[in-house]
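**Student:** Here is my input; please provide its structure:
(2 chains)
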Amino acid sequence: MLDLCSISHKGGLVLWSRSFTPAASQSVASSASPVNSLIREALIEGRTAENKYEKDGYSVKWTFVNDLELIFVVAYQRILQLTYVDELLAALKTLFVKLFQPFLATFVASLHAASTGALSSNASQAAATWNFAKAFDGWDNVFDKLLRGLEDKAAQDRKTRVGHVPRSTVDPSPPSDDPSTIPLHDSEASVDEQQIARNVQALKTRLRGRGGRMGKRGGGRADIGSGRDSHPGSDSDTPTKRKPKGKAQRKWGDEAPSESDMASLNFSYEKIDSSDAGSLDLSALVDKGSLGTRTQDGLYEVKDWEFSAADDVISRVIQDGAPSAKASATPGSLGALGSIFARLTGSKVLTEDDLKPVLEAMKQHLMKKNVAKEIADKVCEGVGDGLVGKKVGGFQTTNAAVRQALSNSLTRILTPKTSTDLLLSIRTKLSSPLPSTQQRLPYSITFVGVNGVGKSTNLSKVCFWLIQNGLRVLIAACDTFRSGAVEQLRVHVRNLSMLGVNGATNSKSRVELYERGYGKDAAGIAKEAITYARDNDFDVVLIDTAGRMQDNEPLMRALAKLVAVNSPDKIIFVGEALVGNEAVDQLTKFDRALRDFSASSGGRERGIDGMLVTKWDTVDDKVGAALSMTYVTGQPIIFVGCGQTYTDLRQLRVANVVQAILSD
Amino acid sequence: MDPTEDSMHVPEPEVLSLATLFTPQFLVLSSLAVAVILLAVVAFVSRRKSNLRGDALLLVGPPDAGKTAIFSSLVYRQTLPSHTSMQPNVSSMHLQDKSLRVVDVPGHPRIRDQFREYMTDAQGIAFVVDSSTVSRNGAVVAEHLHQILHAIASLPPSRPTPALIIVAHKADLLKSTAQATPGQLAVNRARAILERELEKRRASQAGGVGIEGLGAEGAESEMGGLECSGNGEFRFDAWEGGEIVFVGTSVNTKQTNGVVDEKSDDIDGLAPLVQWIEEL
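**Tutor:** Sure, this is the predicted structure:
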């Protein structure tokens, strides 16, 4: 049932691995193995929503042991629904650590030798003679026993579930043509609403079933199927369609609501509890420290804005939270004193309770910096998962450890994994070899985004930069909807041609506008523009599209058609830095729409290739939008726009952004 | 007979001139002490400087090149199977007459910048390349190599520059021809492709107008590190940052569950690398 099971160290060395199928054993060593894909795409990127990852028909589940830095991975076929995998992972974790604790500790210590002196020469000579196969000797048998036990239990559960099915049938019999069976059940039925509703449903099914069988409708058969499904266990067919236990039957709208449904759907005012008013926390509504002052006339004036001195947000929160923490210290341990001693001797192990308040404070801080709420949630969760069970050594406090882990995580998310060097890509394409009969196609960049983010302005900034580097640029005005869009681009082109480069008085021949007026098809204009650029020796084509909302399906289809027809080399999503939680929605929907619709029209699946964040100068240091956007797509931020003149284009520095987010 | 004259004839307080302080013996003693102090300071500084040289070998390179496999061969004398690394491995290896630290830095683009933390300790840097796939992803490998070259070139001159070796790994996956062994084939291929890609990178940056980075003024936004003597075109033997050595290597991978008989085989494929390490 399982395909692959492996135990490895976070640094890459595999301690034990077992593959159950030949296909899995072949792919294990390659870079396409499920474990490698998991690590590369989910764990390192830090984008793990739930504890599940799917790729290539495999479903992969994993767990960590953070103090020994181990990863336990189980991969199986996606179409199977195995219920015992979570239990298996948990059991593997505890058993493996218990059985091989000393060897693992020395092994992990050898991988962290801080200096040649730390690992004494004797120990390291010994390390060269370790026999890794023998070290994990009995593990194979233990694993086999464990797996067999869990599989047997799962099979047992399934059998009992199937066995219960005929016994619990009290209700309507399977549909039959004989109307004489109907009265048989009436005698058992009680008079309450649910029973009546069920009887009505059964009658309907019978009538429907009879009609379906006589009419031989395909739809009728589906009706029979759904009718059967609504009566659990009423037919011998249902066990084969049975999904694993725990999945509730879907409520279709064609049944009369039952009594419990009525209770939950009743929103009338008599239901409001008077106790709700008492539980409302009035102190959360008003911050007493920020109350304004009352003048002598009795007028209430608000407080002045102060630029507070830089203060570490975490220590402030901990100060506020410290009295409560001390009060809740468990009587068993020595409390605060004990934890100080434990930390000094380097053996304090982080638990979830330790981490929860600090992570909560971190999450609030991130949201204050304009990071979307879901992203802040996921990032803090990821940091927490990676820290639970870890030993905090020396003088490092919990806050410092969490802060360090959070900083690493943010750096990892923001660091681009593909090159952001546009000039290099352009030059590579322009100098690539061609068959002699063809003319060279120019490098095309498409700017997409919602309304009003600054696409046209930033397009002209990019154009200015490209001209400064000696390239010839054609701007294609594919925004045929908004009035004045073409005129706006015409003004930009006029300005740009008046700005000279390298001592030239103007750049007339370097930039041109290709436009066909309003109301035409954007994809057609783009295609003609690229052809025109190819014939007239332009190097780069910048395609300006109309702004559109992310849930406007016809417009997203039109955009995907433009992408599919012209296959631009880069699709840049333009977003503004002011956007908050909307960023997640915009990007997900744009990416998904582009991928779905461009793949369906036969071309290669294209998503967003990069992002341009605009209006950076309006957000002071609340730059969380950058984090949300890179987290959602995984693509890098290529440029940042921070003003309205042509030179206000910058590159993103990851260290600055991380610092701005974590500062107070 | 004036008593006042006698009493007034107080012996004048002698103003000792400073010159009398410096008796010859005092001079000799003090100059000796100063010399000893100076010698101590010089010895201390020179010892610190030699300690600065560093004692670590860095294994860097693009993902799936085989760095962790080389690491385990050097440290544990066996090649363990490995997955993509998520964090650096630091350990020490022992040769006949020397022992040094080996640092295996992950190659994934998001976490590969961690090599900068170990740069100051580095005595040698081994850039590991998968020679069977380098023709396909040459541009990505070249970008990584460019970052390493830039980091080496921007070390402060007071530190001795670490030696750089480019390891064309997985040479056993290439088929040997009549002219060359797999190792030489791997080296030639890696060298040609990397030289070409780095030249493209250098050409696209030279004479280009970059875009400044956000925030700190004066921070470098362009990556240098590819300066060469001669006519400026990038070639490995003309690189101004130091000498670059090329070797071709391979390791045997085996299952951990198998019988462990041939431990000595694994390190034979790395013989050129081990030789270079010994000469460091």
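**Student:** Please report phi then psi for the closest residue to residue B:119 other than its chain neighbours.
**Tutor:** Spatially, and ignoring its direct neighbours in sequence, residue B:119 is nearest to residue B:151 (5.8 Å; CB to CB, 6 or more residues apart in numbering or on different chains). Bear in mind the C-beta positions are built from the backbone N, C-alpha and C, glycine included. Main-chain torsions, residue B:151, degrees, to the nearest 10: phi -60, psi -40.
**Student:** tally of neighbours for residue B:151?
**Tutor:** Number of residues near residue B:151 (other CB atoms under 10 Å in any protein chain shown) recorded here: 20.
**Student:** pLDDT averaged over stretch A:559-577 - what is it?
**Tutor:** In this model, stretch A:559-577 has a mean pLDDT of 90.
**Student:** Any idea how far the helix ranked longest in chain B is from the middle of the chain?
**Tutor:** Counting residues, the longest helix in chain B under DSSP state H turns out to be helix B:24-51. Averaging C-alpha positions (CA atoms, centre = their mean, to the nearest Å) puts helix B:24-51 32 Å from its chain's average.
**Student:** quick one: the residue nearest to residue B:119 from chain A, how far?
**Tutor:** According to CB to the nearest CB, to the nearest Å, residue B:151 stands 15 Å off from chain A.
**Student:** on that earlier part again, so which elements touch the next helix or strand after the longest helix of chain B?
**Tutor:** Following helix B:24-51 in sequence order, the next helix or strand is strand B:56-60 (DSSP states H and E). Using 3 or more CB pairs under 8 Å, 6 or more residues apart in numbering or on different chains; DSSP states H and E as the contact definition, the elements that strand B:56-60 packs against are helix B:67-76, strand B:99-104, helix B:115-119, strand B:122-130.
**Student:** closest one to residue A:655 among these?
**Tutor:** Counting by CB to CB, residue A:655 lies closest to helix B:115-119 out of the helices and strands packed on strand B:56-60; the figure is 11.4 Å.
**Student:** In contact with residue A:401, which residues?
**Tutor:** By CB atoms under 8 Å, 6 or more residues apart in numbering or on different chains, residue A:401 lies in contact with A:350, A:387, A:390, A:392.
**Student:** was I right about residue A:597 contacting residue A:562?
**Tutor:** No: Residue A:597 lies out of contact with residue A:562 (CB atoms under 8 Å); the separation is 10.4 Å.
**Student:** neighbour-wise, which of the two wins?
**Tutor:** Higher neighbour count among residue A:597 and residue A:562: residue A:562, with 25 against 21, using other CB under 10 Å.
**Student:** Spatially nearest residue to that one, not counting backbone neighbours?
**Tutor:** Residue A:562 sits nearest to residue A:523 (CB to CB, 6+ apart), 4.2 Å away.
**Student:** Contact residues of the stretch 1-150 of chain B facing chain A?
**Tutor:** Where the stretch 1-150 of chain B comes near chain A, counting by CB under 8 Å from any CB of the partner chain, the residues are B:55, B:63-64, B:68, B:72, B:75-78, B:80-94, B:99-101, B:104, B:106, B:108-111, B:113, B:139-140, B:143.
**Student:** among those, which are in helices?
**Tutor:** The members of those that map onto helices under DSSP H are B:68, B:72, B:75, B:76, B:139, B:140, B:143.
**Student:** what's the farthest-apart pair in these?
**Tutor:** Maximum pairwise distance in these, criterion CB to CB, is 34.1 Å, between B:76 and B:139.
**Student:** out of these two, which sits in the busier spot?
**Tutor:** Neighbour count, other CB under 10 Å: between residue B:76 and residue B:139, residue B:76 has more, with 23 against 16.
**Student:** Check the spacing between residue A:642 and residue A:139 real quick.
**Tutor:** For residue A:642, the distance to residue A:139 equals 57 Å [CB to CB, to the nearest Å].
**Student:** now do residue B:87
**Tutor:** On the measure of CB to CB, residue B:87 and residue A:139 end up 24 Å apart.
**Student:** The most centrally placed residue in chain B: what's it in contact with?
**Tutor:** Geometric centre of chain B, nearest residue: residue B:162, 3.0 Å, by CA atoms, centre = their mean. Residues in contact with residue B:162 (CB under 8 Å, 6+ apart) are B:54, B:58, B:119, B:122, B:123, B:124, B:125, B:152.
**Student:** OK, now which residue of chain A is nearest to chain B?
**Tutor:** Closest contact between chain A and chain B, by CB to the nearest CB, is at residue A:12 (3.4 Å).
**Student:** ok, and the closest non-adjacent residue to residue A:532?
**Tutor:** Nearest non-adjacent residue to residue A:532, counting by CB to CB, 6+ apart: residue A:514, 5.8 Å away.
**Student:** And for that neighbour, the neighbour number?
**Tutor:** By the criterion of other CB under 10 Å, residue A:514 has 23 neighbours.
**Student:** Can you give me the pLDDT of it?
**Tutor:** pLDDT, residue A:514: 91.
**Student:** Bridged to it, which residues?
**Tutor:** Beta-bridge pairing of residue A:514 under DSSP bridges involves residue A:476.
**Student:** can you tell me how far it sits from residue A:473?
**Tutor:** In terms of CB to CB, residue A:514 sits 11 Å off from residue A:473.
**Student:** May I see the helices and strands packed on strand B:56-60 organised as JSON lines, with mean pLDDT added?
**Tutor:** Formatted as JSON lines, those follow (pLDDT from 0 to 100):
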{"stretch": "helix B:67-76", "mean pLDDT": "85"}
{"stretch": "strand B:99-104", "mean pLDDT": "84"}
{"stretch": "helix B:115-119", "mean pLDDT": "84"}
{"stretch": "strand B:122-130", "mean pLDDT": "86"}
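**Student:** Can I get those in JSON lines including distance to residue B:246?
**Tutor:** Below are the helices and strands packed on strand B:56-60 laid out as JSON lines (distance: least, CB to CB, whole Å):
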{"stretch": "helix B:67-76", "distance to residue B:246": "15"}
{"stretch": "strand B:99-104", "distance to residue B:246": "20"}
{"stretch": "helix B:115-119", "distance to residue B:246": "20"}
{"stretch": "strand B:122-130", "distance to residue B:246": "10"}
